[in-house]
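**Q** This is a predicted model, with the sequence first.
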Amino acid sequence: GFMTRYERKIFDELKSPHLKYWVPFVWFGNLASKARKEGRIRDSVDLQTMMNEMNKYRSWCSLLFGYDWVGIPLVYTQVVTLAVYTFFFACLIGRQFLDTDQGYQGHDLDIYIPIFTLLQFFFYAGWLKV
């Protein structure tokens, strides 16, 4: 709904080894300049403001394209995976209760399953998989 059928045909026939996000920006620039020459845009300051905003939006799109272009190195995912599993293992050891048979005062066993540690692990592991 953003392009006419004719514009879509031109867009699809355009050969480019990369994404073609920049094509509508060029079209916008040409149409805005044509509108200024025809008197539809009354002032050059208005045209310049529109072009500045369009260029700002185009630069944001190219920044996003740059993030998509460069992949996350495999070592980062391996480090995060190791950190999550090491953290969970340390939590399993560090959050255990004392032996109740020893009779430590003030250290009574209140639950048998570490619910919050398991929930924390599921959230971290799920986040890691995302």
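**A** Done, it's in.
**Q** Pull out the buried residues from whichever helix or strand Ala90 is part of.
**A** If you go by DSSP states H and E, Ala90 is part of helix 74-94. Neighbour counts over helix 74-94 (16 or more other Cβ atoms under 10 Å) mark 88, 91 as buried. Every C-beta, even on glycine, is put in place using the N, C-alpha and C of the backbone.
**Q** Show me what it packs onto, helices and strands only.
**A** helix 115-129 (3 or more Cβ pairs under 8 Å, 6 or more residues apart in numbering; DSSP states H and E).
**Q** quick check: domain ranges of the chain?
**A** 3-67, 72-127 (the TED database).
**Q** Which of these has the lowest mean pLDDT?
**A** Of all the domains of the chain, mean pLDDT reaches its minimum on domain 72-127 (a mean of 78).
**Q** now it: how far from the chain's centre is it?
**A** 28 Å (Cα atoms, centre = their mean, to the nearest Å).
**Q** Straight-line length of it, end to end?
**A** 16 Å (Cα to Cα, to the nearest Å).
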